[in-house]
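S.K.: Pasting the sequence and the predicted coordinates here, then a few questions.
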Amino acid sequence: YGGALEYADASLCSDREVVLAAVQQSGDALWHADASLNADHALVEQAIYWSVGAIEWLDEALQADRQLVLLHMTLHLSQANVSQYLANAPDAIKADRDIILMAVGLDGLALEHAAASLQADCGVVMAAVEEWGPALKHAADSLKADRSVVMAAVKRNGSAYEHAAATLKADAEVLQTALWSGIDVLEHAPDSLKAERPVVMAAVTLDARALTFAHISLRCDAAIVEAATC
């Protein structure tokens, strides 16, 4: 069992063949190997292969090694844990476009941890919002004002509307696309659209509770109230 390396003599912990055998049983065994072996690329690859946590024990240079990071991501990361990994990753990894594209493909919200330059990269942001619309929150302001990006985001999930630039919140088509997601969308619309009868009618037809967010002048509109109660 690889964990036995923890109790082995120091001479064995620095023996490459012994350590290799140990990490092939349990990648966590690398933690107990002599520090000199942490720079052994092939050995580290074996440890990463066998353990999701092995990459966290490497020195900074190896944690920023894109080949090792890509191996780790391919083997161990998913929507459930990719954002947590990126939050603690070296800056070089957060600025690596291929790695971030892979990350946002798993979880769009991983965009939060990307370098600012990639949060302003249209291709990266589009990939993120297509995976999960509300990832728009972490995009650069310039892309929150990009109609194609915002439309992609609200089509994926209407909650993304909240994070769009004011100019696009005032776009009736953007709002109506977002409305399919639920009632809270109308809450974030500008007053001018909350007073637009076709917009409110569409909203209450989808969900009666949207009437709460309509302009007061439309809350007593008989046809709208009827649509909301049907």
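M.R.: Cool, got the structure. Numbers count the residues shown, from 1 in each chain.
S.K.: So what's the predicted local confidence for L12?
M.R.: If you check L12, the pLDDT there is 91.
S.K.: thought it was touching V18?
M.R.: Yes - counting by C-beta atoms under 8 Å, L12 does reach V18; the two are 4.9 Å apart. For every residue, glycine as well, the C-beta is placed using N, CA and C.
S.K.: Look up how far S26 lies from the closest residue to L193 other than its chain neighbours.
M.R.: Spatial nearest neighbour of L193, chain neighbours left out: V199 (5.2 Å); criterion: C-beta to C-beta, 6 or more residues apart in numbering. Counting by C-beta to C-beta, to the nearest Å, the separation of V199 from S26 is 59 Å.
S.K.: ditto for S83
M.R.: Counting by C-beta to C-beta, the gap from S83 to S26 is 26 Å.
S.K.: Same check on A120?
M.R.: Going from A120 to S26 by C-beta to C-beta gives 42 Å.
S.K.: What of S217?
M.R.: Relative to S26, S217 is positioned 68 Å away (C-beta to C-beta).
S.K.: by contact count, what packs against the helix or strand hosting the residue nearest to L193?
M.R.: Per DSSP states H and E, V199 falls inside helix 197-206. The contact analysis (3 or more C-beta pairs under 8 Å, 6 or more residues apart in numbering; DSSP states H and E) places helix 197-206 against helix 172-178, helix 184-187, helix 222-229.
S.K.: now the ones you listed in CSV, with mean pLDDT, mean neighbour count and distance to L109?
M.R.: Shown next, in CSV, are the helices and strands packed on helix 197-206 (pLDDT from 0 to 100; neighbours: other C-beta atoms under 10 Å; distance: least, C-beta to C-beta, whole Å):
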stretch, mean pLDDT, mean neighbour count, distance to L109
helix 172-178, 93, 21, 18
helix 184-187, 88, 21, 18
helix 222-229, 90, 14, 33
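S.K.: got a markdown table for the ones you listed, with distance to A47 too?
M.R.: Output for the helices and strands packed on helix 197-206, formatted as a markdown table (distance: least, C-beta to C-beta, whole Å):
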| stretch | distance to A47 |
| --- | --- |
| helix 172-178 | 46 |
| helix 184-187 | 46 |
| helix 222-229 | 60 |
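S.K.: re the thing from before, tell me, what's touching L12 and V18 both at once?
M.R.: L5 (C-beta atoms under 8 Å, 6 or more residues apart in numbering).
S.K.: pretty sure H72 contacts I55?
M.R.: Yes - here H72 reaches I55: they are 4.8 Å apart, a contact under C-beta under 8 Å.
S.K.: so what sits against both of the two?
M.R.: Both H72 and I55 are in contact with I48, where contact means C-beta under 8 Å, 6+ apart.
S.K.: circling back to that earlier point, of S217 and S26, who's got more company?
M.R.: Legend: neighbour count by other C-beta atoms under 10 Å for S217 and S26, higher for S26 (19 against 11).
S.K.: Could you report the distance from that one to L58?
M.R.: S26 is 16 Å from L58, by C-beta to C-beta.
S.K.: if I pick Y49, what's in contact with it?
M.R.: With C-beta under 8 Å, 6+ apart, Y49 has these contacts: G27, L71, L75.
S.K.: Work out the gap between the least confident helix or strand in the chain by mean pLDDT and the centre of the chain.
M.R.: Between all helices and strands in the chain, the lowest mean by mean pLDDT, DSSP states H and E belongs to helix 184-187, at a mean of 88. Computed by C-alpha atoms, centre = their mean, to the nearest Å, the chain-centroid distance of helix 184-187 equals 23 Å.
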